[in-house]
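> return atomic coordinates for the entry below.
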Amino acid sequence: MAGFFALFKDEQMRTTADDEPSVIPITNGDYLREARLAIRSEAEALQVVADRLDNTFCDAVRLILNSSGSVIVTGVGKAGLIGRKIVATMSSLGSRSRFLHPTEAVHGDLGCVDSSDAVLVLSNSGASEEILRLLPTLSQMNIPVVAITRDDKNPLARASQVVLEIGHHAEAGDLQLAPTVSTTAMLAIGDALAVTLSRARGFTQGEFAAFHPAGTLGQQLKPVYELMRSGDQLRIASETATVRQVMIELSRPGRRTGAIILTGPGGVISGIFTDSDLARLFENRREHLLDQPISNVMTVNPTTTRPNLLLVEATRMMSDLKLSELPVTDETGLPVGLLDVTDILDVSSMATAAAVQNAVIKSA
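Residues are numbered from 1 along each chain as shown. Modelled structure (predicted):
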């Protein structure tokens, strides 16, 4: 692939009076063209890698699943950096994993490797000296090796139980030297292993939440009961109360809410009434209903959820059903909380929150 630098080779190699190379300005169009070529070359390589996956990938998954220990990932240089990311992904998706630097490994760190482990080795050439020094010891320890490398004809491949070939790919850029396309392919294979292993292990959202207690992601994976309005913040009235009486309840001091939960016999939830419902009464000139039982105008048998549902699932439910408020009940139907769309704006992803708001606006 001829890069744009080649087009300007003569100009770029001009020298100044001090015989130092001078750089000729290049347009934004040239920069964008080169960037798009790099990204497209990686995207094309990923398509090739995906298409060539076969039962060998399944063999790698089973080998790891049959190892009761950890997944030890190793690699040197850029491949090693990719390996560290794969470790992080596997760990977060339920596969115990850690990174082992090949140089440090032969200087004592092999002591962290156990016979119950499986080793995942990343090397494009499959001939890195640091990797090759490590392989004989792994063989002596009877530790199975899965290789992610470009073909099955290099020394690493010959020493591995399973070889995941990424193929031969030209690297991105004018020089085609720095690991770019090859490392992207390695990362994709590693991610594919991580998510496939996670599904095979039956890894759940709840377990994922336990591994991600902090940040926006951790907030989204909290159960509803940690964010719902409850106690004094919860507005509850009898379905026999009039609309006017309910309006007074809605307007009492405290955290603003756009809905009130209505209950029937035994305190079981029977309906919900929102400020949008009230606005529609006035818009439709039905003021005469203000002194009638609210059961005449409430939403009967509203959608509810349970306290232990993950917030991300509750948010999705609100978006799909175009709800701005979601009552929370216990197993007997008694109201214990309310999830308001405004409560999730700070902890849900911006895209999900925006989807909920847009759905509510359209339904109003």
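> residue 119 and residue 113 touch, don't they?
Yes - using CB atoms under 8 Å, residue 119 makes contact with residue 113 at a distance of 7.3 Å. (Each C-beta comes from the backbone N, C-alpha and C, glycine too.)
> need the residues touching each of these two.
72, 100, 138, 143 (CB atoms under 8 Å, 6 or more residues apart in numbering).
> where in the chain is pLDDT low?
Along the chain, the parts satisfying pLDDT under 70 run over 1-25, 206, 209-210, 212-220, 249-257, 345-364.
> grab the longest helix from it for me.
Longest helix of the chain, by residue count under DSSP state H: helix 28-52.
> which parts of that one are buried?
34, 37, 38, 41, 42, 45, 46, 49 (16 or more other CB atoms under 10 Å).
> which non-adjacent residue is nearest the last one?
If I follow you right, that is residue 49. residue 185 (5.0 Å; CB to CB, 6 or more residues apart in numbering).
> who has more neighbours, residue 119 and residue 113?
residue 119 (25 against 21; other CB atoms under 10 Å).
> wait, a strand at that one?
Yes - if the criterion is DSSP: H, G, I helix; E, B strand; the rest coil, then residue 119 is within a strand.
> next, count neighbours for residue 158.
Other residues close to residue 158 by other CB under 10 Å number 12.
> how much space between the residue nearest to it when sequence neighbours are not counted and residue 166?
Distance criterion CB to CB, 6+ apart; nearest residue to residue 158, sequence neighbours excluded, is residue 152 at 7.9 Å. With the distance defined as CB to CB, to the nearest Å, residue 152 ends up 11 Å from residue 166.
> follow-up on the earlier one: from the shared contacts of residue 119 and residue 113, pick the one nearest residue 336.
Using CB to CB, residue 72 is the member of the shared contacts of residue 119 and residue 113 that lies nearest residue 336, at 46.5 Å.
> could you confirm that closest one falls within a strand?
Yes - remark: residue 72 belongs to a strand, assigned using three-state DSSP.
> grab the nearest non-local neighbour of it.
residue 119 (4.6 Å).
> in contact with the one you found, which residues?
71, 72, 73, 74, 100, 113, 138, 143, 144, 145, 146.
> looking at those residues, spot the one nearest residue 298.
residue 71 (54.8 Å).
> what ranges do the strands span in the stretch 51-200 of the chain?
Assigned by DSSP state E, counting those that start in this stretch, the strands in the stretch 51-200 of the chain fall at 71-75, 97-99, 118-122, 145-149, 162-165.
> ok, residues contacting the second one?
So the one you mean is strand 97-99. Identification of contacts with strand 97-99 by CB under 8 Å, 6+ apart yields 70-74, 80, 83-84, 86-87, 90-91, 112.
> what about burial for these, which qualify?
Among those, those scoring as buried are 70, 71, 72, 73, 74, 80, 83, 86, 87, 90, 91 (criterion: 16+ other CB under 10 Å).
> distance check, residue 77 against residue 179.
If you measure residue 77 against residue 179 using CB to CB, the figure is 7 Å.
> and the shared contacts of residue 119 and residue 113, which is closest to residue 156?
residue 138 (11.1 Å).
> could I get the contacting residues of the closest one?
Neighbours of residue 138 in contact, by CB under 8 Å, 6+ apart: 113, 119, 145.
> dump the residues you listed to CSV, plus distance to residue 327.
Below are those laid out as CSV (distance: CB to CB, whole Å):
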residue, distance to residue 327
113, 53
119, 52
145, 55
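> which of those lies closest to residue 65?
Taking CB to CB as the measure, residue 119 is the one of those closest to residue 65, at 14.8 Å.
> that older thread, closest to residue 302 out of the contacts of residue 119?
Among the contacts of residue 119, and counting by CB to CB, the member closest to residue 302 is residue 71, at 46.6 Å.
> for burial, what's the neighbour tally of the residue nearest to that closest one when sequence neighbours are not counted?
Excluding the flanking residues, the one nearest residue 71 by CB to CB, 6+ apart is residue 97, at 4.2 Å. Residue 97 has 24 neighbouring residues, counting by other CB under 10 Å.
> quick check: residue 97 vs residue 72, distance?
Taking CB to CB as the measure, residue 97 falls 8 Å from residue 72.
> kindly report the same for residue 79.
Counting by CB to CB, the gap from residue 79 to residue 72 is 15 Å.
> try residue 110
Distance from residue 110 to residue 72, by CB to CB: 10 Å.
> joint contacts of these two?
Joint contacts of residue 110 and residue 72 (CB under 8 Å, 6+ apart) are residue 100.
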